[in-house]
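Colleague: sequence and predicted structure are below.
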There are 2 protein chains.
Amino acid sequence: MDIRFSERADGLKASEIRELLKLTEMPEIISFAGGLPAPELFPVKEMEGIMQKVLERDGKVALQYSSTEGFKPLREVIAKQRMTPAKVNVTADDIAMTTGSQQGIEFSAKVFVNEGDVIICESPSYLGAINAFKAYMPKFVEVPMDEHGMIMEDLEKALKANPNAKMIYTIPDFQNPTGITMSDDRRKKVAELAEEYKIPVIEDNPYGDLIFEGTRHPSIKSFDKEGWVIYLGTFSKNFCPGLRLGWICAAPEILEKYIVVKQGADLQCSTLDQRATALFMETYNLDEHIESIKKVYGKRRTLMLECLDKYFPKEVTHTNPYGGLFTWVKLKEGLDAAEILKEALKENVAYVPGGSFFPNGGHPNYFRLNYSCMPEDKIVEGVKRLGTVLAKYY
Amino acid sequence: MDIRFSERADGLKASEIRELLKLTEMPEIISFAGGLPAPELFPVKEMEGIMQKVLERDGKVALQYSSTEGFKPLREVIAKQRMTPAKVNVTADDIAMTTGSQQGIEFSAKVFVNEGDVIICESPSYLGAINAFKAYMPKFVEVPMDEHGMIMEDLEKALKANPNAKMIYTIPDFQNPTGITMSDDRRKKVAELAEEYKIPVIEDNPYGDLIFEGTRHPSIKSFDKEGWVIYLGTFSKNFCPGLRLGWICAAPEILEKYIVVKQGADLQCSTLDQRATALFMETYNLDEHIESIKKVYGKRRTLMLECLDKYFPKEVTHTNPYGGLFTWVKLKEGLDAAEILKEALKENVAYVPGGSFFPNGGHPNYFRLNYSCMPEDKIVEGVKRLGTVLAKYY
């Protein structure tokens, strides 16, 4: 068969993360590779009652088609309960539901990017976003980060140098893959630059709730005066990823485009899962649930960082996240984390090599570690084994 | 704000159906506009038990991320229970889950169509597909139909005239919007032409199960020898649309591309809804449920066609579907169904004007009627009122 795929599909291939996740499904593997929340924290018992109530009370409508923008009471509790902590004052009308924030990411490229346009992003950036964007055949301009996030001088340079830049994609809170958090003054600056350069900012914020020390940072969207910031939220990290529910919060004329795109893409999200999530948030306190998640992840984070310092060669450095799911490890120049992974897998430990988080390639001497999904004894054992593998290279 | 949307997004606007559905949500409206299944037939009580069992037994995994291609036991029952009646002999590995068949439709354009490529489709065709395809800026070549579906001579002419045709999109069973069914020999011919011209066929088959007289037609896919036919199935018309579950059945090298696209688009379908649907199909007999749907829809279809003959002006013609959800009405040349809709809405009756089902425009003198969603008394009353409105034009 000589199949003529589209140009964009020709360039698409299965992501490393996906192939890796397959590998790491074996129970003997200690996996720091995924970005999975800890399933033991899911409110299973509560969801049983919630599902029963939704079906008993509203079964017929809960199993029927519903509106593309999403179940209004859900959008109302999102506005009230989820956007307020991000310091954004909006109503249900400013919100549309998506299938996880991944769909909001993909739609952003669809809505803004023509072939050859520039997407400005952090260096490194979320692999799943890079892959979704690639289908629209953009150019990527990477902005370097320090411990306070994107460096503003470099962002501004990138904006000046690329008048065909169509959006800035950023994960300001506990970034994937680095765990780095953007300082509040830089958030304000990003919003100002967006206004000045008339460029949309895609604020992808799945981890903002999961702050282990202090209170949630104000979102970039909270500094947005004209409507250039598009906020992507999700229930995947603070509730249940299996329900695939996220949302877009944006100015009306932008949100309208996303909704039309959603209609063509899949009509709507699961009516049942939307109604169940709304009822859960009306019945229980999601923030209390988030507190219990933070306690567990915070402990695991502390333990993992301690173990890194204890078991890794001294020259290996890592970030110090105070929230989210990931830390980012830097090996010395010349080492290739993808090659070393093969050795690590022989010891039944997995991580994600850093190279594919850089859309323009390079940087093979990094890798990403997830600390949210493994129990404490496995964190210790896994880092110990990794340390032994790494020691051979130092 | 001077927002620079992508070229494709510039061209997108909210569909007429969507705007209409908003209008027709008012309870006083007798709506023949939607494509909604009858909610009183949903297995609500059964789903309550199923959800409870899934959460009780497998809550943690049911609320967690899962694989992009979908829950394997679900794909297994689809292969066994849903593809076998379509005369396709496949396994779980030949199937990937999508968010309704709408997502499979959208992905098809993404996988095959470059800007300016030709999509060959029936004239008229499904509005939701036309709108999804438009985002990829194709040209549409419409193939006329008679009462046995696409006319094969015209299809072959279109294939010859358009070497840059990248796919044939067809709804062979009880087509949306016409209700027309493709004859079995034409199905075979489509599969042969696909092979000869090396062009993928997107067989969109949401209504095949809903045949009121006789047994299910063999799918076009069942005549496919080399793998050119991509079959799109869904649980939206034979089970519960609110769960947003559909599937793609295709050759491995094609399916792989769809899965990568799915990963970028939204990672996966709802884990919980997939597990619930699988358990439902393992526990109950979906075909028995379909029998009960067919009985109700068949009666409504018969009643509507009788009413059309009784209450519409004699010169108005309509198709005679023996399955599915729709009949297609032709007014005399010169009339505009979109204009007449305004009169109909004054009488609280709604339908979908036919013009937007023709991707290249024209044909304002048609409209689509749905008979699945209104109880019998409303069908009689609604058609009667429509007849009165139409009488003014004859």
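Modeller: Perfect, I can see it now.
Colleague: mind listing the strands for the stretch 251-394 of chain A?
Modeller: A:317-318, A:326-330, A:349-350, A:352-353, A:366-370 (DSSP state E, counting those that start in this stretch).
Colleague: mean pLDDT and distance to residue A:3 for those - can I get that in a markdown table?
Modeller: Yep, even glycine has a C-beta here, placed from its N, CA and C like the rest. Converted to a markdown table, the strands of the stretch 251-394 of chain A look like this (pLDDT from 0 to 100; distance: least, CB to CB, whole Å):
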| stretch | mean pLDDT | distance to residue A:3 |
| --- | --- | --- |
| strand A:317-318 | 98 | 44 |
| strand A:326-330 | 98 | 37 |
| strand A:349-350 | 94 | 33 |
| strand A:352-353 | 92 | 31 |
| strand A:366-370 | 97 | 34 |
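Colleague: could those be laid out in TSV, adding mean neighbour count and distance to chain B?
Modeller: Putting these into TSV (neighbours: other CB atoms under 10 Å in any protein chain shown; distance: least, CB to the nearest CB, whole Å) gives the following:
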stretch	mean neighbour count	distance to chain B
strand A:317-318	16	25
strand A:326-330	22	15
strand A:349-350	24	16
strand A:352-353	26	15
strand A:366-370	25	12
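Colleague: using TSV, lay out those strands together with distance to residue B:273.
Modeller: Output for the strands of the stretch 251-394 of chain A, formatted as TSV (distance: least, CB to CB, whole Å):
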stretch	distance to residue B:273
strand A:317-318	38
strand A:326-330	29
strand A:349-350	29
strand A:352-353	28
strand A:366-370	26
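Colleague: out of the ones you listed, which is closest to residue B:162?
Modeller: Among those, strand A:352-353 comes nearest to residue B:162, with 44.2 Å by CB to CB.
Colleague: helices or strands up against the closest one?
Modeller: Here strand A:352-353 touches helix A:16-23, helix A:337-346, strand A:366-370, going by 3 or more CB pairs under 8 Å, 6 or more residues apart in numbering or on different chains; DSSP states H and E.
Colleague: restricting to C-alpha, output the second one in CSV.
Modeller: Taking Å, rounded to 0.1, in the frame of the first residue of the first chain, the C-alpha atoms of helix A:337-346 are listed here in CSV:
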residue,chain,number,x,y,z
ALA,A,337,20.5,10.4,29.1
ALA,A,338,18.7,8.4,26.4
GLU,A,339,21.7,6.0,26.3
ILE,A,340,22.0,5.8,30.0
LEU,A,341,18.3,5.0,30.2
LYS,A,342,19.0,1.6,28.6
GLU,A,343,21.4,0.9,31.5
ALA,A,344,18.8,2.1,34.0
LEU,A,345,16.1,-0.1,32.6
LYS,A,346,18.4,-3.1,33.1
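Colleague: so which residues of the stretch 151-300 of chain A form helices?
Modeller: Taking DSSP state H, counting those that start in this stretch to define them, one finds helices in the stretch 151-300 of chain A at A:152-161, A:184-197, A:252-266, A:271-283, A:286-311.
Colleague: from residue B:128, how far off is residue A:105?
Modeller: 23 Å (CB to CB, to the nearest Å).
Colleague: which one of the two is surrounded by more residues?
Modeller: residue A:105 (27 against 22; other CB atoms under 10 Å in any protein chain shown).
Colleague: ok, the more buried one touching residue A:129?
Modeller: Yes. Under the criterion of CB atoms under 8 Å, residue A:105 is in contact with residue A:129, at a separation of 4.8 Å.
Colleague: would you mind giving the domain segments of chain A?
Modeller: A:13-43+A:288-391, A:45-283 (automatic domain parsing).
Colleague: weakest of these in terms of mean pLDDT?
Modeller: Lowest mean pLDDT within the domains of chain A: domain A:13-43+A:288-391, at a mean of 92.
Colleague: what sits against the most centrally placed residue in chain A?
Modeller: In chain A, the residue lying closest to the centroid (CA atoms, centre = their mean) is residue A:206, at 5.0 Å. Applying CB atoms under 8 Å, 6 or more residues apart in numbering or on different chains to residue A:206 gives the contacts A:101, A:171, A:176, A:232-234, A:236-237.
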